[in-house]
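Asker: Structure here, sequence nowhere to be found:
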């Protein structure tokens, strides 16, 4: 499956998966429910959304008809997924008394930002690599 993705997307996926594993291990080792439940779930959805965003961009490039409706519908779909995940975290937290609601929602939101963090880190690694080559 990875052979269909560009090198930059593969690098972002690897960084996002490493962050996801670190969050899970840190949560389990430190026994912090917000990390190993909410943040981990947010990170998983973020990894799924990296793949979804890339596939949506590929579809738009290869099928340019009705671009505007496709872009808005896929954008809306990804944010609906974010909302569903936040709802699930809130529901499980309240129903099963699984930690504090505010803390779980905050950590789930941070997990959903995994895509942006991996994008920033991949750009940072790329700029350091370019800077080292020019010296």
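Answerer: Happy to help now that I have it. In this text, all values refer to a predicted model and were calculated from it rather than measured experimentally.
Asker: Quick check: chain neighbours aside, which residue is closest to the residue nearest the centre of the chain?
Answerer: Among the residues of the chain, the one closest to the centroid is residue 46, at 1.8 Å (CA atoms, centre = their mean). Distances taken as CB to CB, 6 or more residues apart in numbering place residue 114 nearest to residue 46, at 3.7 Å, with adjacent residues excluded. Yep, even glycine has a C-beta here, placed from its N, CA and C like the rest.
Asker: Can you get me a residue count around the one you found?
Answerer: 26 (other CB atoms under 10 Å).
Asker: Tell me if I'm right that it and residue 19 touch.
Answerer: Yes - checked against CB atoms under 8 Å, the pair residue 114 and residue 19 is within contact range at 5.6 Å.
Asker: Overlap in contacts, those two.
Answerer: Here residue 114 and residue 19 share the contacting residues residue 43, scored by CB atoms under 8 Å, 6 or more residues apart in numbering.
Asker: hmm, back to that, contacting residues around the residue nearest to residue 46?
Answerer: By CB under 8 Å, 6+ apart, the neighbours of residue 114 are 16, 19, 20, 42, 43, 46, 47.
Asker: Among the residues you listed, which lie within helices?
Answerer: Members of these lying in helices (criterion: DSSP state H): 16, 19, 20, 42, 43, 46, 47.
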